[in-house]
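In: only geometry, no sequence info:
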């Protein structure tokens, strides 16, 4: 169920900072119309740290309703509090999410044993499939392959990992050492092709917010072994993959969607608008690729 291009969807805000659920619904419809393989609401790209709990579940519920079972929805439910993560996961399951995405606890800097106990406690408390999100650059802790393997062996509902460590050697170890049915997804658009070539199943993508069909096609080519076409698409889209990280995600991708007229360019502090010179660079990339 969880393979191909899965969009880490942005959370649109109105100019006054309120949730823009109408625009969110339209974004989900745009994704489905363009063959996306799944959606993740309330992840990093969805500015989840800036949402209160009521808003978090309004977003999740809106995405689930708009998706209407046409594609899987993997709800962000991670926390640096184990108890809170369990509560968030139970609520996501009640709303009808197909799986939940759990970032490694951030700021606390748990040991590997702490990571193991955190995810074990969540897995024991719920039945819903769990995908672990490993992103040391934001959490200050890396989940080692041995810890991940231990969790996957002991808990059948820990079914995959979003690997955003940027460490291709670690990604190879995860694919090679974990069971073949364990899902390894890239957390970086520009590593989608290499990861699939090594045995990964796809990507949880930022770029697919604005180019869902292209990301779906890239993944499909690669998964089916058509690496010439996948490579051609990869290099064509590489300027965009770099451009949407010219500033902290999700600032550039929200700016890009605003340039396309799909959302208001509205953020919640501490996220803020792009520097003018960076916005011009991004606009040129989007124009060159005929996205706008």
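Out: Perfect, I can see it now. Predicted model, so just to flag it, every value in this text is computed and none were measured.
In: what helix or strand is residue 29 on?
Out: Using DSSP states H and E, residue 29 maps to helix 21-33.
In: Show me what counts as buried in that helix.
Out: Neighbour counts using 16 or more other C-beta atoms under 10 Å place 21, 23-25, 27-28, 30-32 of helix 21-33 among the buried residues. The way it works is simple: take the backbone N, C-alpha and C, and place the C-beta from them, glycine included.
In: Give me the mean pLDDT for it.
Out: When pLDDT is averaged over helix 21-33, the result is 98.
In: What lies in contact with that helix?
Out: 7, 9-12, 39, 58-59, 62-63, 65-67, 70-71, 208-209, 212, 257, 262-264 (C-beta atoms under 8 Å, 6 or more residues apart in numbering).
In: switch the cut-off to 6 Å
Out: Contacts to helix 21-33, defined as C-beta atoms under 6 Å, 6 or more residues apart in numbering, come from residues 7, 12, 62-63, 66-67, 70, 212, 263.
In: quick one: the strands in this protein?
Out: Using DSSP state E, the strands of the chain run over 4-8, 38-40, 74-76, 99-103, 130-134, 158-163, 183-186, 202-205.
In: Show me what the third one pairs with in its sheet, parallel or antiparallel.
Out: Its sheet considered, strand 74-76 pairs with strand 99-103 (parallel) by DSSP bridges.
In: got the buried residues for the strand it pairs with?
Out: Of the residues in strand 99-103, 99-103 count as buried by neighbour count, 16+ other C-beta under 10 Å.
In: biggest separation within those residues, which pair?
Out: Pairwise distances across the buried residues of strand 99-103 (C-beta to C-beta) peak at 14.1 Å, for the pair 99 and 103.
In: Residue 278: how many residues sit nearby?
Out: Close neighbours of residue 278, defined as other C-beta atoms under 10 Å, add up to 16.
In: Roughly how far does it sit from residue 251?
Out: Separation of residue 278 from residue 251 (C-beta to C-beta, to the nearest Å): 9 Å.
In: And residue 280, by the same measure?
Out: For residue 280, the distance to residue 251 - C-beta to C-beta - is 14 Å.
In: More neighbours: these two, which one.
Out: A direct count of neighbours by other C-beta under 10 Å for residue 280 and residue 251 places residue 251 higher, at 23 against 10.
In: ok, now which ones touch the more buried one?
Out: Neighbours of residue 251 in contact, by C-beta under 6 Å, 6+ apart: 271, 274.
In: hmm, try it at 8 Å
Out: Here residue 251 is in contact with 267, 271-274 (criterion: C-beta under 8 Å, 6+ apart).
In: Emit the ChimeraX select command for whichever of these are buried.
Out: ChimeraX command restricting the contacts of residue 251 to the buried ones, with burial defined by 16+ other C-beta under 10 Å:
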select :267,271,274
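In: which of the contacts of residue 251 lies closest to residue 182?
Out: Residue 182 lies nearest to residue 271 out of those, by C-beta to C-beta, at 33.2 Å.
In: before we move on, the earlier item: mind putting the contacts of helix 21-33 in CSV, distance to residue 196, neighbour count and pLDDT included?
Out: Output for the contacts of helix 21-33, formatted as CSV (distance: C-beta to C-beta, whole Å; neighbours: other C-beta atoms under 10 Å; pLDDT from 0 to 100):
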residue, distance to residue 196, neighbour count, pLDDT
7, 17, 31, 98
12, 30, 24, 98
62, 30, 19, 98
63, 25, 27, 98
66, 28, 20, 98
67, 24, 23, 98
70, 23, 12, 97
212, 17, 23, 98
263, 29, 24, 98
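In: From the residues you listed, which land in helices?
Out: Using DSSP state H, 62-63, 66-67, 212 are the members of the contacts of helix 21-33 that sit in helices.
In: low-scoring stretches of the protein, by residue?
Out: Along the chain, segments meeting pLDDT under 70 are nowhere present.
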